[in-house]
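Student: Here is a sequence together with a model predicted from it:
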Amino acid sequence: MPDNLKVVILCGGAGTRLREETEFRPKPMVNIGERPILWHIMKYYAQFGFHEFVLALGYRGEMIKNYFCHYELMNNDVTIKLGQPEKTTIHHAHDEAGWKITLADTGEKTLKGGRLKRVERYIPDDTFMLTYGDGIADVDINALLAFHRSHGKMATVTAVNIASRFGEMKAEDDRVISFSEKPREGGALINGGFFVFNKAVFNYLTPSESCDLEIGPLEEIARQGELMAYKHPGFWACMDTMRDMEYLNRIWDSGTARWKVW
């Protein structure tokens, strides 16, 4: 598989249900341990050989830009010779070498479909991956990609089976036959992110602020039989509320985080 396959991460939402933290920073910058959940997501993809990221920024996106623009200085030892800034030496001590990150401002209030459409120009290959900047899992990314390539359809969504407040899917033989953001009952398959798309998905999107991804485009793609479900029985969680943040931090602090594969 190409090692330059792009991973788009949606980082623009305001995170209103996590207002205690997101009043001051975007939700992808809320920490698990000492690092933002966004870093954990990127680190996870990198372990499968995917190092090229497109971050679709919105609410307080400048904080994400600052984090990565100053990453080398803030995550390495540095020797500085005052009066001769050109002789500053960065002593590389982290393992994130080779990451290529495009930081794209997609508008503070743009919905997810519009954000994705606005980064289309940064995605040269026919296949790319996309996920949310607040969800973490132990999905086998290589198996997910192989599944997507095996069925020949336009889109694959990772489906997880937990009772929740998130969007419901109905699937038959791995094909999603309906996709709804308003589940009727608990215990259904839900949208866990970790998508794989072909570029044809952009034909269903516009750069408008009001263009959503799940409501409208994915529903239509499912109706056309082009959305497949990769069923993931393992760990999945999102950071949507303070309770979620505390849960993820407890897992991390206990040393049992199943996404920690590095």
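Tutor: It's in. What you see is a predicted model, and the numbers here were worked out from it, not measured in a lab.
Student: For residue 5, which non-adjacent residue is spatially closest?
Tutor: residue 50 (5.8 Å; CB to CB, 6 or more residues apart in numbering). C-beta coordinates here come from the backbone N, C-alpha and C atoms, glycine included.
Student: Just give me the neighbour total for the closest residue to residue 257 other than its chain neighbours.
Tutor: Of all residues not flanking residue 257 in the chain, residue 251 sits nearest, at 5.0 Å (CB to CB, 6+ apart). Neighbour count for residue 251, taken as other CB atoms under 10 Å: 19.
Student: what about the strands in the stretch 51-200 of the chain?
Tutor: Residue ranges of the strands in the stretch 51-200 of the chain, as given by DSSP state E, counting those that start in this stretch, are 52-57, 77-79, 89-91, 100-105, 127-132, 135-137, 155-161, 168-172, 175-180, 189-191, 195-198.
Student: Quick one, grab the pLDDT at the spatially closest residue to residue 145 that is not a sequence neighbour.
Tutor: Nearest residue to residue 145, sequence neighbours excluded (CB to CB, 6+ apart): residue 196, at 5.9 Å. At residue 196, the model reports a pLDDT of 98.
Student: List the residues that contact residue 196.
Tutor: Residues in contact with residue 196 (CB atoms under 8 Å, 6 or more residues apart in numbering) are 127, 128, 129, 130, 144, 145, 148, 155, 156.
Student: I'd guessed the first one sits against residue 5; true?
Tutor: So that's residue 127. Yes - applying CB atoms under 8 Å as the test, residue 127 and residue 5 come out as touching, 6.5 Å apart.
Student: So the two - more neighbours on which side?
Tutor: Neighbour totals were compared for residue 127 and residue 5, and residue 5 leads with 20 against 16 (other CB under 10 Å).
Student: now this structure, which segments are flagged as low pLDDT?
Tutor: 1-3, 163-170, 178-187 (pLDDT under 70).
Student: If we use 80, what do you get?
Tutor: For the chain, the stretches flagged by pLDDT under 80 are 1-3, 15-17, 19-22, 93, 162-174, 176-188.
Student: Kindly list the longest helix within it.
Tutor: Counting by DSSP state H, the longest helix found in the chain is helix 242-254.
Student: For that one, buried residues please.
Tutor: Counting neighbours by 16 or more other CB atoms under 10 Å, one finds that the buried residues in helix 242-254 are 244, 245, 248, 249, 251, 252.
Student: same question, stretch 120-132
Tutor: Buried, per 16+ other CB under 10 Å, within stretch 120-132: 122, 123, 127, 128, 129, 130, 131, 132.
Student: Kindly present these as a markdown table, with separate columns for distance to residue 205.
Tutor: Below are the buried residues of stretch 120-132 laid out as a markdown table (distance: CB to CB, whole Å):
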| residue | distance to residue 205 |
| --- | --- |
| 122 | 14 |
| 123 | 12 |
| 127 | 16 |
| 128 | 13 |
| 129 | 16 |
| 130 | 12 |
| 131 | 17 |
| 132 | 16 |
